[in-house]
Structures are given as structure tokens and as C-alpha cells.
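Trainee: Have a look at this fold, sequence not included:
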């Protein structure tokens, strides 16, 4: 299922990129229905997991890998499909200088079953920056996959909004 989001910040593209590339930012981020299990920097010289470059984005790349556990309510069918365990997944954030980057995420238990990716730009707009993000979430299950995607994507968008608000707060407190 395709999704998109747009967020505006008072900071410059470089400041927004610095916030999104800071491991400490994610350690203090309070996301609904999620618990951060780990965060670490990704080797900057390593290719970004086979993803194609972001159009119009060049320069040095930085990255983080975050590991999350879903702590929210799961319906009984979803819980059965997951083998009775709480879902965990890895999310990779890649940034290229101050122009944008990519997010990639996949379930740890079966990455082919649940995965997604999004590209985003960080563009100067007036005195601030706008982040435009376009992505896709895939639940590769016959019959129920589309329904699961429609239930998951609003949570993904809500978490992106919470992340954006935390970036805004970071700028207002400095």
C-alpha cells in the first residue's frame, strides 16, 4: 500500500538531517505502540541495502539502524499469524547530506512477509524545510494482506507525525 507524508520544520535541511541522523534523538523519542530495543550507526561506506539512489540526492551518506518491538494491541488473527509473539522489526534510516534519504523496514521473523521502504526529500522552503516522504508498505499474505496494510499504514503515518513533532520541539528548545 502506497503512503505519503509531508512535514514542515523551522530548521534548515542540514539541521533536520542532523536530527534524523542522531542516535540520541531516537533514544528519547516516545512513539505510540513501540519500544525501541536498539539503535546503532550503520557503516557509512556500506551500500544502503541494495536500494537505488534517491533522485537528485548526492553526497556523503549517514545511516542508523533501529530495532523496534510493537507493544500495541493486536487482534487475535494477527497474533496467530505471528505465532503468538510480539512483532519486532528493523528500520534503517539513510541520509545523504542535507537533501533527503530513505527509510527501509522489515519484520525480523519473516522480512518477505512484512516490509516497506520510503524515499524522502528535505527541501528549503522560505525560512524552513519541508520533508516530503513517499513510500510503500507490503504485507505479503494472500487474502488478508491488503486489509493488514490498511490497518498498519495509519500507525506508520502517526509515528512519522510524532517523529516530526519531536524534531520541531528539538529546534524550539535550542
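Mentor: Looks like it came in fine. In this text, all values refer to a predicted model and were calculated from it rather than measured experimentally.
Trainee: contacts and neighbour counts: CA atoms only from here.
Mentor: Will do.
Trainee: could you pull out the strands for this protein?
Mentor: Ranges of strands in the chain, per DSSP state E, are 2-9, 34-41, 61-70, 88-96, 100-107, 114-125, 128-139.
Trainee: Format those as JSON lines; extra columns: distance to residue 161, mean pLDDT and mean neighbour count.
Mentor: Formatted as JSON lines, those follow (distance: least, CA to CA, whole Å; pLDDT from 0 to 100; neighbours: other CA atoms under 10 Å):
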{"stretch": "strand 2-9", "distance to residue 161": "8", "mean pLDDT": "98", "mean neighbour count": "16"}
{"stretch": "strand 34-41", "distance to residue 161": "14", "mean pLDDT": "95", "mean neighbour count": "16"}
{"stretch": "strand 61-70", "distance to residue 161": "17", "mean pLDDT": "93", "mean neighbour count": "20"}
{"stretch": "strand 88-96", "distance to residue 161": "16", "mean pLDDT": "93", "mean neighbour count": "22"}
{"stretch": "strand 100-107", "distance to residue 161": "15", "mean pLDDT": "94", "mean neighbour count": "22"}
{"stretch": "strand 114-125", "distance to residue 161": "14", "mean pLDDT": "95", "mean neighbour count": "20"}
{"stretch": "strand 128-139", "distance to residue 161": "11", "mean pLDDT": "96", "mean neighbour count": "19"}
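Trainee: Mind naming the longest helix for this structure?
Mentor: In the chain, ranked by residue count with DSSP state H as the criterion, the top helix is helix 145-172.
Trainee: mind checking pLDDT for residue 56?
Mentor: pLDDT, residue 56: 48.
Trainee: thinking again about what came up before, would you list the strands of the chain in JSON lines and tack on distance to residue 172?
Mentor: Below are the strands of the chain laid out as JSON lines (distance: least, CA to CA, whole Å):
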{"stretch": "strand 2-9", "distance to residue 172": "10"}
{"stretch": "strand 34-41", "distance to residue 172": "24"}
{"stretch": "strand 61-70", "distance to residue 172": "24"}
{"stretch": "strand 88-96", "distance to residue 172": "23"}
{"stretch": "strand 100-107", "distance to residue 172": "22"}
{"stretch": "strand 114-125", "distance to residue 172": "18"}
{"stretch": "strand 128-139", "distance to residue 172": "13"}
